[in-house]
Every structure is written in C-alpha cells, then in structure tokens.
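Asks: let's see this in three dimensions:
(one chain, ligands or ions: 1)
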Amino acid sequence: MTNQYQTEHYRELDALHHLHPFTTHSSLRAGGARVIVRGDGPYIIDSDGHRILDGMAGLWTANLGHSRPELAEAAYQQMLELPFYNTFFRTTHPPVVALSRKLAELAPANLNQVFYGSSGSESNDTAIRLIRHYWALKGEPKRRIIISRKNAYHGSTIAAASMSGMAHMHAHSYPLYEGFRHIMDPYWYGESWDGETPEDFGIRAARALEEEILAVGPENVAAFAGEPVQGAGGVKIPPESYWPEIQRIVDKYGVLLLADEVITGFGRVGTWFASEHYRIRPDLITFAKAVTSGYLPLSGVIVGDDIVEALMAHDDDFNHGYTFSGHPVACAVALKNLEIIEQERLVPRVREFGGPALAKMLAKFKDHPLVGEVRSVGLLGAIELVADKRSRRRFADPGRVGLICRDHFFREGFIMRAVFDTMVMAPPLIWEQQQFVEAEAVIGRVLDLTLEDVAGEVAA
Ligand SMILES: Cc1ncc(COP(=O)(O)O)c(C=O)c1O
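Replies: Modelled structure (predicted):
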C-alpha cells in the first residue's frame, strides 16, 4: 500500500540522491517530485492513490498504454531463455533477427537493415556517423555538414544536441559538435507572415533548406535531418506543401534525408511511420520510444539500401556500436509490442477513430479567450496559449503561463506537457471515447482556471 508517509519518504530521498533530466534542480528540491507507482492502461497512479489520465503516453512512448501483461511475459520468457548476449564478433540471436525482419517489413521499401541502440539520442548519433562514413566511402569526404532545424529535438548526447535546434541546450558551455546548420522550422502559427497561407508558408520554410545548401556549397552537405512533425519543439505540424518541397530539394542536390521518427514511429500519426503519411523517401529512419511502448529501452536506425551497399563495397570495419545494440529482451518486447499493435489494428484505428476524436475535441477550445490555435495530426496535438488571439501576441516571459496551465492539469489529474506556452499531448493509441470525454472536461476546466490566473494580461 502507498500512503502519505511513503510519498514524503520518496520525495526526500529523491531530492537527496536523484538528479532529474531537463530540470531546474533548486525548484524541484523545494517542491518535491510527484511519485508515480503504477500504470494501468491509459492511466498512471501516484503514491497518494490519485489516478491520472496520461495524455503524454509516458513521454511519447506508451502507444499500447501502461502495464500490459503480454509485454511483461515476453520479457520474462526471453530472460529465462537468453537474457543477454552481444551482437559484436559475428554473433546474433533470434529476437534481433526477427525484429530486424519485422522493421524492414514495416519501413519504406528501400530501408531494410537495422542498427540498434538503447535511446533516441544514440540512434541519432549512429545516424550521424553512418551519414559521414557513407560520404567518405563514396569518395566525397567533404560532405560533412548536416542541416537540421531550429527547435528540432534529436536527443541529448553532444552530437544529437548539436543536431537539435534547441537554443537553451546550445547555450550550455560545452562546445557544440561541429558541422551542423539550423534553418527555420515549419511553424505556421508562429512564423508565417500576415496573410500568408499555410501552403505558401510551407514552401518558404522548405526553401530555407535550398538557401542553406547553396550558402555552404552543395559539395559540403551530407544530409538534411528532420522530425516529420516536430514533437518536443511544440508539436509543429508542417503544412502539406512542406515535405514534398524538402524532398525535391534533397533530390536535386543529392543530399541524404534522415527522418527522425523517434516520436512519430509506430502509428502515432496513423501510419507505421510518418514518412509514409508525408510521402517522403528517407535514406535513414531513426526510431526509439514506442518500438517497445517504452517498456524497455531500445532504439535504432533503419538504413537505406544505398548506404548499406556502400558499406558492403568496402572491407573496413564500421567502428561503432553499443554493448546493448540489439539487446535480446528489449527486442523480444518490441516484437510482442508490434504484434499487438498489428493484431488490435491500432495504426488504422488512429486514422479512423483516435485522430478524428482528438481533432474534434481540440476544436471545441479554439474560441477560448486564451487559445490562439489548436492543431493535431493523428494522436499528436497542441493548444497555443496567447495573450491576444487576434494579433497572436504571446505572453511576456515565455513559458510562465504554460507552466501555470501544466500545474493545473497535474492537480486536475491529467498529463499535458508545456513547451513554453504551447500545451502538447500525445495520448496512447488505445484511448477509447471515455478518455476523450474525460480529457475534454479537464481541458475546459484547466483553460478556465489558467485564464483566471492571468486574466489581467489577456486582451478582451
Ligand atoms: C524526435 C526525437 N528524437 C530523439 C529523441 C531522443 O530520445 P532519447 O530521449 O531516447 O535519447 C527524442 C526524445 O524525446 C525525440 O523526441
């Protein structure tokens, strides 16, 4: 049983011994962490017994929801059979072979081989190394620059953080890894000119890539990297014109395309990979998170045939890998996770039910005085909080109102994340009508509570 005493006990020890990711440590120590003790389908339960609707699927991970016994059973059986063996030195094992085969089947046709890691950050580090290695093997070693976008999130290792476009991460004092350039992100609500249509804006945002390629010299550009939908940057959904134009540009200059599908992979937007939804033809896809619904850490890069051919054409080692590349238990859990997603038709269900239900629910809030825009694609959604919805004017001190709103959500038993003043959500794929009804009621209450807190700052 959990009780108040245990909550205080965990909080105290947590504050003394645990450094949390992406956290202001002084304020966490002062306020204490929320202690989560259990998961139950779409809900998580804290140490005081509160049942909380998880609108973020863990951290864009739990596509199947929490605590499915089949995944625990798959892990248990694999631990009894072969808990670990490495995949270095010409060894392999059945779960990694089966999962690789499955991922090749689900990915676009030209992507057939998988290199594994344990986190999204690692998968992007691997992709960066593969991309540069590829160009060296092709006799074009000058092609080293990777262009990505402002507000992109590709991970927190130094290479992945350098490829990311998060100014607050770049502001840390370590030197960034060299060879990355960042262009504008396709954020229509925040970046479009007065009267510019989403389609025109999408073309303009994509052409920033062409300008950058020409500025640094096409002979120096190795790849363009992008999340099909920017997630941690604020669920920025590109206009329909954006990705086709990006594809045209990478094709024209022979630049590789890396699709970071760490959030969008495995059904989130209603296709197995969002590359399919946006009809892009990536040379590499990075994945993590929902491949196991987050039950165990596993990530990887699905690598295009051209890159694999270049590797095959040379006798040298590719000097890269992780102890846990292709961990057998993580692979077994991933296989079971993908099997259930397939059996329960959860990917088409996002198109037929979850995506439309989320869009319909969010649309109910578009006239709220605090709300500048609502948007969604599949089960990725966002609500922009603004001081003046007519002029799109933001609140002073970006992030302050988002945190007020997020804290109300916590207290009301719903998880929605604040990216500055954009509230984002990514519920599990298993949400039923009941969860949308609950979410709608809470969002309505919380927007009103937040409005009360900042009423003096909001345009009438
Ligand atoms: C698109 C994207 N890429 C990479 C990462 C990094 O993944 P990880 O935290 O597993 O290293 C994330 C994490 O949220 C992400 O959203």
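Asks: find the residue closest to the closest residue to the ligand within the stretch 201-350 of the chain in space, skipping its chain neighbours.
Replies: Here the residue of the stretch 201-350 of the chain nearest the ligand is V262; by CB to the nearest ligand atom that distance is 3.4 Å. All C-beta spots, glycine's among them, are computed from the backbone N, C-alpha and C. Excluding the flanking residues, the one nearest V262 by CB to CB, 6 or more residues apart in numbering is G120, at 3.8 Å.
Asks: that neighbour is in contact with K289, isn't it?
Replies: Yes: counting by CB atoms under 8 Å, G120 touches K289, with 6.5 Å between them.
Asks: can you give me the pLDDT of the residue of the stretch 51-200 of the chain found nearest the ligand?
Replies: Residue nearest to the ligand within the stretch 51-200 of the chain (CB to the nearest ligand atom): G120, separated by 2.3 Å. We note a pLDDT of 98 for G120 in this prediction.
Asks: how about the helices in the stretch 251-400 of the chain?
Replies: 274-277, 305-312, 328-343, 346-349, 355-363, 400-412 (DSSP state H, counting those that start in this stretch).
Asks: okay, now the residue nearest to V262: neighbour count?
Replies: 27 (other CB atoms under 10 Å).
Asks: got a list of what it touches?
Replies: Contacts for G120 (CB atoms under 8 Å, 6 or more residues apart in numbering) come out as H154, G155, A160, D260, V262, T286, F287, A288, K289, S299.
Asks: just these: which are in strands?
Replies: D260, T286, F287, S299 (DSSP state E).
Asks: could you work out the most separated pair of the residues you listed?
Replies: Within the ones in strands among the contacts of G120, D260 and S299 form the most distant pair, 10.8 Å apart (CB to CB).
Asks: shared neighbours, those two?
Replies: Common neighbours of D260 and S299 (CB under 8 Å, 6+ apart) are G120, T286.
Asks: got the contact list for the residue of the stretch 201-350 of the chain closest to the ligand?
Replies: 60, 120, 123-124, 154-155, 227, 231, 286-289, 299.
Asks: check Q247 too.
Replies: Counting by CB under 8 Å, 6+ apart, the residues that Q247 touches are L257, R279, I280, R281.
Asks: so the third one makes contact with W243?
Replies: Yes: between I280 and W243 there is a contact under CB under 8 Å: 5.0 Å.
Asks: now do the shared contacts for the two.
Replies: Residues touching both I280 and W243 by CB under 8 Å, 6+ apart: P228.
Asks: ok, for the most centrally placed residue in the chain, nearest residue in space, not its chain neighbours?
Replies: In the chain, the C-alpha nearest the mean C-alpha coordinate belongs to I263, at 2.8 Å (CA atoms, centre = their mean). Leaving aside its chain neighbours, I263 sits nearest to G231 (3.9 Å; criterion: CB to CB, 6+ apart).
Asks: equivalent analysis for T286, please.
Replies: Distances taken as CB to CB, 6+ apart put S123 closest to T286, at 4.1 Å, once the chain neighbours are dropped.
Asks: what is the neighbour count of the one you found?
Replies: Using other CB under 10 Å, S123 is surrounded by 30 other residues.
Asks: what about it, helix or strand, and which?
Replies: Per DSSP states H and E, S123 falls inside helix 120-137.
Asks: tell me where the model's unsure across the stretch 251-400 of the chain.
Replies: Counting by pLDDT under 70, the stretch 251-400 of the chain shows no low-confidence range.
Asks: and with 90 instead?
Replies: 315-318 (pLDDT under 90).
Asks: near the ligand, which residues of it show up?
Replies: D260, V262, I263, A288 (CB under 6 Å from any ligand atom).
Asks: what's the residue lying closest to I383 once chain neighbours are set aside in contact with, if anything?
Replies: Spatial nearest neighbour of I383, excluding adjacent residues (CB to CB, 6+ apart): M423 at 4.5 Å. When contacts are counted by CB under 8 Å, 6+ apart, M423 is found next to A382, I383, L385, G402, C405, R406, F409, M416, R417.
Asks: tell me how far the second one lies from the ligand.
Replies: Taking CB to the nearest ligand atom, to the nearest Å as the measure, I383 and the ligand are separated by 19 Å.
Asks: how much space between that residue and H170?
Replies: To H170, I383 is 27 Å away according to CB to CB, to the nearest Å.
Asks: between these two, which is the more surrounded one?
Replies: I383 (26 against 14).
Asks: next helix or strand past the helix or strand containing E211?
Replies: According to DSSP H and E, E211 maps onto helix 198-216. Going down the chain from helix 198-216, the next helix or strand is strand 221-226, by DSSP H and E.
Asks: briefly note if that following strand comes near the ligand.
Replies: No: Strand 221-226 lies out of reach of the ligand by CB under 6 Å from any ligand atom, never closer than 9.4 Å.
Asks: got the phi/psi numbers for the residue nearest to the centre of the chain?
Replies: Backbone torsions of I263, given as degrees, to the nearest 10, read phi -100, psi -40.
Asks: can I assume it is in contact with K289?
Replies: Yes: under the criterion of CB under 8 Å, I263 makes contact with K289 at 6.6 Å.
Asks: can you pull the contacts of N112?
Replies: By CB under 8 Å, 6+ apart, the neighbours of N112 are A104, I302, V303, D305, V308.
Asks: now N124
Replies: Per CB under 8 Å, 6+ apart, neighbours of N124: H154, G155, T157, A159, A160, M163, A225, D260, V262, T286.
Asks: how close does the nearest residue to L346 once chain neighbours are set aside sit to N337?
Replies: Spatially, and ignoring its direct neighbours in sequence, L346 is nearest to L429 (4.3 Å; CB to CB, 6+ apart). Using CB to CB, L429 is found at 11 Å from N337.
Asks: now do the shared contacts for these two.
Replies: N63, L64.
Asks: just the pLDDT at Y5, thanks.
Replies: At Y5, the pLDDT value in this model is 64.
Asks: do Y10 as well
Replies: 94.
Asks: in this structure it contacts I36, no?
Replies: No: contact criterion CB under 8 Å: Y10 and I36 do not qualify, at 10.1 Å.
Asks: name the residues contacting each of those two.
Replies: By CB under 8 Å, 6+ apart, the residues touching both Y10 and I36 are S47.
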